[in-house]
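Trainee: Sequence first, predicted coordinates after that:
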Amino acid sequence: MTVEQVESWSEGIAGLHARFAHRFGRSEPRERALDYLRGLIAPLEKKNGWTLSEQVGQLRPDGVQRLLNLSDWDENAVRDDIRDFVVETIGSPDGVLICDDTGFLKKGTKSAGVQRQYSGTAGRTENSQIGTFLAYASTAGRALIDRELYLPASWTGDRERCRAAGIADEVPFATKNEHFRQMVQRAIDAGVPFAWVTADEAYGQVKHTRFWLEQRRIAHVMATKVNDTVITTRWGEERVDRLVAALPRQRWKRVSGGQGAHGERIYDWARIAIRPCWERGFGHWVLARRSVADPTEVAYYVCYGPAASRLKDLVKVAAARWAVEECFQTAKGECGLDHYQVRLYRAWYRHITLSMAALAYLTATRAAEAAKGARSTTNKTSYRSASPRFAD
């Protein structure tokens with residue numbers, strides 16, 4: 001990252017901050033939030049209260065702590081402003097909503113929602129907090145647009161412990177799938193343009209969640225477990241792996257799922273229609289993804305979408321799920337998503353929201369740069385095509 005980039009981004013993020021500056025009750029937290037955002041996109045190794053304070057010349061993190069813990073501002077309204085900014089900059093009618101959760105490793109027992117629990121980030125059970133997120137992806141980019149902190153039953157069943165962490169008595173236990181449905185509903189209510197929803201098997205294997213999406217005619221490609229069951233076209237009930245195992249060899253097609261961190265994601269894909277009745281122009285399928293290197297490695301999806309959907313349409317949505325992993329990687333690596341040092345429930349939401357704002361700004365900036373580069377290439381091509389050609 002060059003000095004020029006840092007200065008340009010510092011100025012640019014002030015424009016995003018101006019969109020939600022009115023959400024702050026007083027000037028001090030309003031200005032502190034802008035400093036916080038600038039620190040989150042600065043090339044700092046760690047982005048916690050101490051380092052962010054030092055970035056703006058403060059000897060102690062008291063101001064940052066007040067911003068996250070005590071200041072008067074509406075973090076949910078700011079979340080909505082960030083979502084609207086994402087829609088304006090990378091929104092598309094064929095966008096995809098992606099739900100996933102990520103872990104934040106923590107020490108101690110007092111941070112809201114912390115306990116020993118499985119963290120996909122660590123790949124094992126660790127003392128951690130788990131955040132559930134909704135990402136938005138289009139051909140222009142991807143960003144996080146919503147978030148919820150998972151509170152295990154060990155927390156919601158102990159109201160004194162909750163109060164000590166700033167969790168109000170009216171905050172109930174909610175599963176990650178309930179968070180998923182709440183966040184998708186907020187996106188719908190806000191008019192976010194999207195064509196599909198996707199998520200991994202932690203969400204896709206829950207039949208109630210898939211039914212909830214169907215009731216709202218929300219097209220989806222949801223990963224599921226190998227022994228999940230579906231209703232076949234003959235009214236029977238069958239496991240998804242057995243349905244797929246019965247497919248003839250010619251039904252498998254080698255299709256790219258797009259570029260990934262290690263190159264092009266190429267797999268063999270197949271689908272089979274399910275359900276005896278398709279209604280209102282929507283169809284149902286089981287989709288399977290098979291490793292080219294190891295054909296015994298197969299992943300399964302339950303799909304619902306326009307009846308005219310092609311195999312490559314379903315593959316495109318399934319592959320879009322990786323965008324949320326890229327969001328987490330960028331947000332943690334460049335925007336300090338997991339660098340916070342807060343214990344209170346509301347402080348977690350405030351830090352995460354500002355980190356999402358930083359990610360949204362970087363996403364918009366990179367999308368604008370990519371569009372500018374594409375226009376420049378097009379203009380050069382057009383110029384060469386229009387240039388007079390002289391005879392020898």
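Mentor: Structure's in. What do you need? Numbers count the residues shown, from 1 in each chain.

Trainee: close enough to count as contact, residue 51 and residue 39?
Mentor: Yes - between residue 51 and residue 39 there is a contact under C-beta atoms under 8 Å: 7.3 Å. C-beta coordinates here come from the backbone N, C-alpha and C atoms, glycine included.

Trainee: of the two, who's got more company?
Mentor: residue 39 (23 against 17; other C-beta atoms under 10 Å).

Trainee: How about that one, nearest residue that isn't a chain neighbour?
Mentor: In this structure, residue 39 finds its nearest non-sequential neighbour in residue 52, 3.8 Å apart by C-beta to C-beta, 6 or more residues apart in numbering.

Trainee: how about the one you found, secondary structure?
Mentor: Three-state assignment for residue 52 (DSSP: H, G, I helix; E, B strand; the rest coil): helix.

Trainee: Please tell me how far it sits from residue 46.
Mentor: 9 Å (C-beta to C-beta, to the nearest Å).

Trainee: which of the two has more neighbours?
Mentor: residue 52 (26 against 10).

Trainee: Which pLDDT value does the model give the more buried one?
Mentor: Here the pLDDT value assigned to residue 52 is 89.

Trainee: now the one 10 residues further on
Mentor: You'll see residue 62 listed with a pLDDT of 90.

Trainee: now swap in residue 263 and tell me
Mentor: For residue 263, the model assigns a pLDDT of 75.

Trainee: Just grab the bridge partners of it for me.
Mentor: Taking DSSP bridges as the rule, residue 263 bridges to residue 260.

Trainee: any idea how far it lies from residue 254?
Mentor: In terms of C-beta to C-beta, residue 263 sits 15 Å off from residue 254.

Trainee: Find me whatever residue is spatially closest to residue 162, sequence neighbours aside.
Mentor: Leaving out its chain neighbours, the residue that sits closest to residue 162 by C-beta to C-beta, 6+ apart is residue 155, at 6.0 Å.

Trainee: let me fix that: residue 301
Mentor: Nearest residue to residue 301 in three dimensions, chain neighbours excluded: residue 287, at 4.1 Å (C-beta to C-beta, 6+ apart).

Trainee: beta partners for the one you found?
Mentor: residue 271, residue 301.

Trainee: Can you give me every residue that contacts it?
Mentor: Contacts for residue 287 (C-beta atoms under 8 Å, 6 or more residues apart in numbering) come out as 221, 269-271, 300-303, 311, 314-315, 318.

Trainee: Touching both of residue 51 and residue 39, which residues are there?
Mentor: With C-beta under 8 Å, 6+ apart, residue 51 and residue 39 have no common neighbours.

Trainee: So for stretch 255-264, what gets flagged as buried?
Mentor: By neighbour count on 16 or more other C-beta atoms under 10 Å, the buried set for stretch 255-264 is 255, 257.
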